[in-house]
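Visitor: need a 3D model of the following:
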Amino acid sequence: MRSPNRWVLIKRLAEITGYSEDAIRHKVKNGTWMQGRIWRKAPDGRIFVNIDEFERWVESDFHATTH
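Guide: As a prediction, the model looks like this:
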């Protein structure tokens, strides 16, 4: 799933992964994904997700208590 861009907008991540945009926003909002590592806000306020870190999260054995 390697992307030529390391940071992608939520819409693109949804297209790549099959997660809905709402599900992605929920993971950002509830802290499932760490700000600055998996996601960050650009100067214009839009949220970008790091594809490499997203893949590490998917492959991890970490079981979060929140969903």
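Visitor: what about W57, distance to G45?
Guide: 23 Å (CB to CB, to the nearest Å). No exception for glycine: its C-beta is placed from N, CA and C like everyone else's.
Visitor: for the strand or helix carrying W57, packing partners?
Guide: Secondary structure from DSSP states H and E places W57 in helix 51-59. With contacts taken as 3 or more CB pairs under 8 Å, 6 or more residues apart in numbering; DSSP states H and E, helix 51-59 sits against helix 10-17.
Visitor: give the buried residues for the following helix or strand past the helix it packs on.
Guide: On the C-terminal side of helix 10-17, the nearest following helix or strand under DSSP H and E is helix 21-29. For helix 21-29, burial by neighbour count (16 or more other CB atoms under 10 Å) applies to I24, K27, V28.
Visitor: adding distance to Q35 and pLDDT, write the residues you listed out as TSV.
Guide: Formatted as TSV, the buried residues of helix 21-29 follow (distance: CB to CB, whole Å; pLDDT from 0 to 100):
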residue	distance to Q35	pLDDT
I24	14	98
K27	11	98
V28	8	98
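Visitor: nearest to R37, of the residues you listed?
Guide: Comparing the buried residues of helix 21-29 against R37 with CB to CB picks out V28 as the nearest, at 11.7 Å.
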